[in-house]
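**Student:** show me the folded form of this:
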Amino acid sequence: MIVRIWHTCVDKGELDPDPDSFSGEELERAERIGSERLRRRFLARRWMARTLLAEAAGEAPGDLVLERRCERCGGLHPASPLAVGGREVWWSASHSGDLAAVAIASARVGLDLELERERPRWERIAERFFNPEERRALAGSPTRFLELWTLKEAYLKALGLGLPGGLNALDCSGLTATGEWSESDAQPGWRFQNFQPRPGFVAAVAVQGPATGVELRRWR
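**Tutor:** Residues are numbered from 1 along each chain as shown. Okay, here's the model as predicted:
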């Protein structure tokens, strides 16, 4: 199984999608965003996700229901998988700064990315949320901290829980660094990988199943 991941800079290029490509709720959310730059980024991310998922599902972008109301917390969560015509399209999306990405796979998948910027409190955050073995694995590296953080978030997103699911759900101390698949005895059947979609960013993908590779593509 290949996990396909598309990424793009949402501050570049022309943004002129058909309004019918969005749901009414998305357009209302966009109108409530006070910053024109942030509004543009939001619409670009949604357009990207809808375009890619429409192609994968064989549906019109505006016909897709990308979110559903969570019975547990009442919030809107990504609707993954998309069930269309007897097919299931598993997907996950993430964004940070001007970068957005969408992962699509044939099994449960989670994606997270973070801008690699100065984080003066990262050691305090690690002390609070990481176990002793994970803190030793950091070796004083803020980049390694982000690698572990994105692995945890990707796994929680794949489960459909997000951060409320608890960062201790995945022990990252035995997972390898960027560029290789890793496995954890505590999560049999899952594979994990860190990667760099663009200089200055750290990302991770978690997939349930025999993933053999990550195919990284730039979306325009």
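**Student:** tell me the secondary structure for Arg217?
**Tutor:** strand (DSSP: H, G, I helix; E, B strand; the rest coil).
**Student:** which pLDDT value goes with the closest residue to it other than its chain neighbours?
**Tutor:** Closest residue in space to Arg217, ignoring its immediate chain neighbours: Trp6 at 4.9 Å, by C-beta to C-beta, 6 or more residues apart in numbering. (Each C-beta comes from the backbone N, C-alpha and C, glycine too.) Among the per-residue scores, Trp6 shows a pLDDT of 97.
**Student:** now Met48: how far from Leu151?
**Tutor:** If you measure Met48 against Leu151 using C-beta to C-beta, to the nearest Å, the figure is 23 Å.
**Student:** please say which of these two ends up with more neighbours.
**Tutor:** The residue with more neighbours, out of Met48 and Leu151 and counting by other C-beta atoms under 10 Å, is Leu151; that gives 25 against 22.
**Student:** list the buried residues of the helix or strand containing that one.
**Tutor:** Taking DSSP states H and E as the criterion, Leu151 maps to helix 142-158. Residues of helix 142-158 classed as buried: 142, 144-158 (neighbour count, 16 or more other C-beta atoms under 10 Å).
**Student:** what kind of secondary structure is Val89 in?
**Tutor:** Secondary structure for Val89, judged by three-state DSSP, is strand.
**Student:** tell me the bridge partners for it.
**Tutor:** Per DSSP bridges, the residues bridged to Val89 are Leu82.
**Student:** grab the most central residue of the chain for me.
**Tutor:** For the chain, the residue whose C-alpha lies nearest the mean C-alpha position (C-alpha atoms, centre = their mean) is Leu111; its distance is 2.8 Å.
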